[in-house]
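Asks: no sequence on this one, just coordinates:
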């Protein structure tokens, strides 16, 4: 069973001062599955994802990526030790991250953004890095925009470059933090399509999203966070078709009001 | 009117002064940002015990007139065994003075780089040095360009102060000519024109550079 678990969280706690943003999260993300984190703003879903990327350091509990502890390990006596930075970097190499704000480096072309990790981290030669970066840009449909700077690309194109940049490092798991939330509605489709293709290829994905349609149709596993805890989780069909949880029902209503009932087939 | 014979006699000296002014300006403009960058990086990424003393030094330099600093460096230096040639002292003073301001400009630039750009670099696997070299420094450079052009102009004008420690630069040469010929006002006008031409020139270069770098801006 543990063999096909890509990410494990056990009793993960995150605090900002006195405020608990995550209150003891237990979660398994299975290999080859798309897991969507949904929930109202402030429920902790982005924080949870950022903890899995170790961009936020969890205050208690343990996170494992492919079995290896991320950031902190627990000694047999229960005490907690911070792992060395090289070990953190090694475990983090398994994940690729896509941000709401794209976060492309503005002084590099699309190709430069994708090739940067290949050159600096994998130490590939210029030619090989170029070819591999090109292949990933092609995969997201942006080969002909390779020499454009981020400022010359639309939001949707920037986000696809950001996906290519993450994929180029050959991660085992892709994390998406509200990848379409800062896009105009007509541009979300092209990003969701790339993500759908990625899911079809069997990529393990953990996605924080407000795109309930995407969660309903693409995710195998849906996790509903509410007030810093997992309120409900299960197969997408179960979670959406039988929203017995009162908060979940309330949350979904806001989407149903916006015509999502068609998407959900309710 | 100015005595034209006297002017032509003094012309080589004034021209030498102009070249020295340009040299001091360019050298100071090259060295001050480098020292300023070292200070900015040390304050931003170094240990806490480095930050405090550097902060104090920067505050003192920014809080006192350059004229006073040059007096202290040139006339006070020998008391602590720092006996420098006027030109050397001038360049050192100009560099330290500029570096104090540049360190604050560059530190602000480093802080202004979006946090997400660094996080993206971490997730791709770049280490700390690579992030500074490949992400922070280039992005910072874009952000600080307007403030830096401003600072280069300030440095040019501050070279005039070096005349009081007997650096034979433009101001010393021209005012020397002015007082020898009782043509103070004319000399001052010529001086103003020279400095103004040079600042316009650097402004022109700065604006051209900004236009060229515009496509790197975050949309």
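Replies: Thanks, I have it. In this text, all values refer to a predicted model and were calculated from it rather than measured experimentally. Numbering: from 1, shown residues only, chains lettered A, B, ... in the order given.
Asks: Please work out how many residues are found near residue 68.
Replies: Because you didn't say which chain, this covers chain A. By the criterion of other CB atoms under 10 Å in any protein chain shown, residue A:68 has 13 neighbours. For the C-beta atoms, the positions are set from N, CA and C on the backbone; glycine is no exception.
Asks: try again with chain B
Replies: For residue B:68, using other CB under 10 Å, the count is 10.
Asks: who touches the helix or strand hosting residue A:198?
Replies: Using DSSP states H and E, residue A:198 sits within helix A:185-200. Helix A:185-200 is contacted from outside by A:34, A:140-141, A:154-157, A:159-160, A:163, A:167, A:174, A:176, A:179-180, A:183, A:205, A:207, A:211, A:214, A:218, using CB atoms under 8 Å, 6 or more residues apart in numbering or on different chains.
Asks: Settle this for me: residue A:110 is touching residue A:147, isn't it.
Replies: Yes: judged on CB atoms under 8 Å, residue A:110 makes contact with residue A:147 at a distance of 7.3 Å.
Asks: out of the two, which sits in the busier spot?
Replies: residue A:110 (29 against 10).
Asks: Provide a list of residues in contact with the closest residue to that one other than its chain neighbours.
Replies: Among residues not flanking residue A:110 along the chain, residue A:161 sits closest, at 4.6 Å (CB to CB, 6 or more residues apart in numbering or on different chains). Taking CB under 8 Å, 6+ apart, we find residue A:161 in contact with A:102, A:104, A:110, A:113-114, A:137, A:140, A:142, A:145, A:150, A:153.
Asks: what about residue 72, how many neighbours?
Replies: Using chain A. Neighbours of residue A:72 (other CB under 10 Å): 18.
Asks: looking at chain B here, not the other one
Replies: Residue B:72: 13 surrounding residues under other CB under 10 Å.
Asks: Double-check that it belongs to a helix.
Replies: Yes: applying DSSP: H, G, I helix; E, B strand; the rest coil, one finds residue B:72 inside a helix.
Asks: what's downstream of the lowest-mean-pLDDT helix or strand in chain B, the next helix or strand?
Replies: Every helix and strand of chain B was ranked by mean pLDDT, DSSP states H and E. The lowest is helix B:170-180, at a mean of 81. Downstream of helix B:170-180, the first helix or strand assigned by DSSP H and E is helix B:184-212.
Asks: In chain B, where is pLDDT below threshold?
Replies: B:1-4, B:217-219 (pLDDT under 70).
Asks: and it, which residues reach chain A?
Replies: Neighbours of chain A within chain B, by CB under 8 Å from any CB of the partner chain: B:114, B:116-117, B:119-127, B:130, B:134-135, B:138-139, B:142, B:215-219.
Asks: and these, which are buried?
Replies: Burial by neighbour count, judged by 16 or more other CB atoms under 10 Å in any protein chain shown, picks out B:116-117, B:119-126, B:130, B:134-135, B:139, B:142, B:216, B:218 from the residues of chain B next to chain A.
Asks: And the strands in the stretch 1-150 of chain A?
Replies: For the stretch 1-150 of chain A, applying DSSP state E, counting those that start in this stretch gives strands covering A:5-16, A:19-30, A:34-38, A:60-65, A:68-69, A:72-74, A:80-82, A:95-98.
Asks: wait, chain B
Replies: In order along the chain, chain B carries no strands (DSSP state E).
Asks: longest helix of it?
Replies: If you go by DSSP state H, chain B has its longest helix at helix B:4-45.
Asks: Around chain B, pick out the residues from the stretch 51-200 of chain A.
Replies: A:53, A:55, A:89, A:92-93, A:95-97, A:99, A:101, A:103-107, A:116-117, A:120-121, A:149-153, A:155, A:158, A:162, A:165-166, A:169.
Asks: For PyMOL, what selects the buried ones among those residues?
Replies: The buried residues among those can be selected in PyMOL (16+ other CB under 10 Å) with this line:
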select buried, chain A and resi 53+55+92+93+95+96+97+99+101+103+104+105+106+107+116+117+120+121+149+150+153+155+158+162+165+166+169
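Asks: now, which of the residues of the stretch 51-200 of chain A next to chain B lie within helices?
Replies: A:89, A:92, A:116-117, A:120, A:155, A:158, A:162, A:165-166.
Asks: List the buried residues of stretch B:148-158.
Replies: Buried residues in stretch B:148-158 (16+ other CB under 10 Å): B:148-153, B:155-156, B:158.
Asks: Over to stretch B:15-25?
Replies: Buried residues in stretch B:15-25 (16+ other CB under 10 Å): B:17-18, B:20-21, B:24-25.
Asks: Closest to chain A out of these?
Replies: residue B:25 (27.9 Å; CB to the nearest CB).
Asks: Could you say which helix or strand holds the residue nearest the centre of chain A?
Replies: For chain A, the residue nearest the mean C-alpha position is residue A:175 (2.0 Å; CA atoms, centre = their mean). Taking DSSP H and E as the criterion, residue A:175 maps to strand A:173-177.
Asks: Identify the residues contacting that strand?
Replies: A:6-7, A:29, A:46, A:49-50, A:52-53, A:65, A:94-100, A:163, A:166-167, A:195, A:198, A:203-209.
Asks: repeat that with 7 Å
Replies: A:6-7, A:46, A:49, A:52-53, A:94-100, A:166, A:195, A:198, A:203-208 (CB atoms under 7 Å, 6 or more residues apart in numbering or on different chains).
Asks: Quick one: mean pLDDT over it.
Replies: In this model, strand A:173-177 has a mean pLDDT of 97.
Asks: cool, and stretch A:130-145?
Replies: 95.
Asks: roughly how far is that stretch from the heart of the chain?
Replies: 21 Å (CA atoms, centre = their mean, to the nearest Å).
Asks: pretty sure residue A:88 is touching residue A:57, no?
Replies: No: the pair residue A:88 / residue A:57 is not scored as a contact, 9.7 Å apart, by CB atoms under 7 Å.
Asks: Find residues that contact each of those two.
Replies: With CB under 7 Å, 6+ apart, residue A:88 and residue A:57 have common neighbours residue A:71.
Asks: coming back round to it: let me know the angle separating the helix holding residue A:198 from strand A:34-38.
Replies: 140 degrees (axes from the mean of the first three to the mean of the last three CA atoms, to 10 degrees).
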